[in-house]
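Engineer: build me a model from this:
(one chain, ligands or ions: 1)
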Amino acid sequence: MNAARNTAQDTADDGTTALLETATAFQRAQLLLAGLDLGLFDLLAEGPADAATVRDRLGLHPRGTDDYLAALTETGLLEHGPGGYRNSPAAGRHLVRDAPAYLGGFLRAADQVMYPAWGRLATALRTGEPQAATYSGNDMFGQLYGDDDKRSAFVRMAEDASRPLVPALTRAFDWENRSSVLELGGCRGNVLAGLVAAHPHLTATVLDLPALREEFDTHMKALGTTGRITFHGADFFTDPLPPADVVMIGHCLVDWTDEQRRALVRAVHPAVRPGGAFLVWDPMIVPGAESCLRNLIRSLNLQLMTPHGTNYRLDDLVRLLRTTGFADVRHRPLGQDVTLVAAYKTPDTAA
Ligand SMILES: C[S@@+](CC[C@H](N)C(=O)[O-])C[C@H]1O[C@@H](n2cnc3c(N)ncnc32)[C@H](O)[C@@H]1O
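Structural biologist: Model (predicted):
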């Protein structure tokens, strides 16, 4: 055997390095998730600390602490200077409890629910069965919402995923010329709260399962928006949908099968007032787009996490909206790999 063939250069060039990095990507994920679990980023939000202080304050064993902090520094999540370790700006914004853009709800779900389920991807691919340990059977929302901790964890995860989209959503549509908006699956009203803050003339309604009413009331109180947004407790598959100029649904159609998506879109059409619009935002699969791999992975995540969910193709949704009777369908990227689709209904000219 030629020893020169074993150089790092050779193995990198034949794809070994990239392949091994992919195979061990869970190790990098745990660098971040363990920091969250340990409270490291909260500690460093108080001020810089050296390794000994971190060890003492978090009760860590000396064996791994130095390497761990050095590794987090290499990832860019920590910075190291004269005062010791400190959070990077991104860690300070997103990994510190009480920071406005804290992503702990999503990251804890990633750690505690998604991470173990991804270890069973092969089983899911063989059986088609979800692998989340948080519910069983088909009534996912019924089971999650029947347990205070699971409901709270789910709601926070969902909000962390949609919160970064709100500023773009307030700008990506002509809200000024509409007066009412109904959000289907609008959860605790977090997205609508951002929307009405930017467009105070809007009359806004969240339609979501009745089990979320209390969460909604508490959240509106916390945001200081009580009375500004109405909660309509209903099942969007079986109950009548109240009419609005704009009906909106986000991070939601992905939870269902193609057949359920078709049924929901058909139910929405009569609820959109003439001249109004139906807005859908989701991490849709757009072949050839830079987001394609990430959204295919998100689709597999939905297959692990939900009884029915998959991401769907943008083209399929556009076709469905046109065949349902929407006159004009447009789309644009919203950020975070999410596409916003706006389907317009023709104005009523009979009057
Ligand atoms: C993934 S969450 C998205 C929440 C919100 N749109 C966001 O992006 O933050 C899906 C939402 O759909 C709601 N939902 C699920 N099934 C529903 C049904 N049959 N009728 C009404 N809402 C439903 C859930 O309660 C949940 O709030």
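
Engineer: going forward, measure contacts between C-alpha atoms and count neighbours the same way
Structural biologist: Noted.

Engineer: which residue packs closest to A153, ignoring adjacent ones?
Structural biologist: Spatial nearest neighbour of A153, chain neighbours left out: G105 (6.3 Å); criterion: C-alpha to C-alpha, 6 or more residues apart in numbering.

Engineer: what helices or strands is the helix or strand that contains that neighbour leaning on?
Structural biologist: Assigned by DSSP states H and E, G105 belongs to helix 104-109. With contacts taken as 3 or more C-alpha pairs under 8 Å, 6 or more residues apart in numbering; DSSP states H and E, helix 104-109 sits against helix 25-38, helix 148-162.

Engineer: what mean pLDDT does the shortest one get?
Structural biologist: Helix 25-38 shows a mean pLDDT of 97 in the predicted model.

Engineer: contact partners of that helix?
Structural biologist: Helix 25-38 has contacts (C-alpha atoms under 8 Å, 6 or more residues apart in numbering) with 41, 58, 68, 71-72, 95, 104, 107-108, 111.

Engineer: out of the helices and strands packed on helix 104-109, nearest to the ligand?
Structural biologist: helix 148-162 (4.3 Å; C-alpha to the nearest ligand atom).

Engineer: what about the closest one, average pLDDT?
Structural biologist: So the average pLDDT for helix 148-162 ends up being 96.

Engineer: mind listing what's buried in that helix?
Structural biologist: For helix 148-162, burial by neighbour count (16 or more other C-alpha atoms under 10 Å) applies to 150-151, 153-160, 162.

Engineer: next: stretch 121-138.
Structural biologist: By neighbour count on 16+ other C-alpha under 10 Å, the buried set for stretch 121-138 is 121, 124, 129-132, 135.

Engineer: what's the first-to-last distance across it?
Structural biologist: 19 Å (C-alpha to C-alpha, to the nearest Å).

Engineer: that stretch and the ligand, are they touching?
Structural biologist: No. Shown here: stretch 121-138 not in contact with the ligand (C-alpha under 6 Å from any ligand atom), separated by at least 11.5 Å.

Engineer: quick thing: my sequence starts at 525, can you match it?
Structural biologist: OK, 525 is where the count begins now, so the last one is stretch 645-662.

Engineer: ok, and what's touching that stretch?
Structural biologist: Stretch 645-662 has contacts (C-alpha under 8 Å, 6+ apart) with 637-638, 640-642, 644, 667-668, 674, 827-832.

Engineer: flag every residue of the stretch 625-774 of the chain that's near the ligand.
Structural biologist: The stretch 625-774 of the chain comes close to the ligand at residues 682-683, 686, 709-711, 732-733, 758-761, 774, as judged by C-alpha under 6 Å from any ligand atom.
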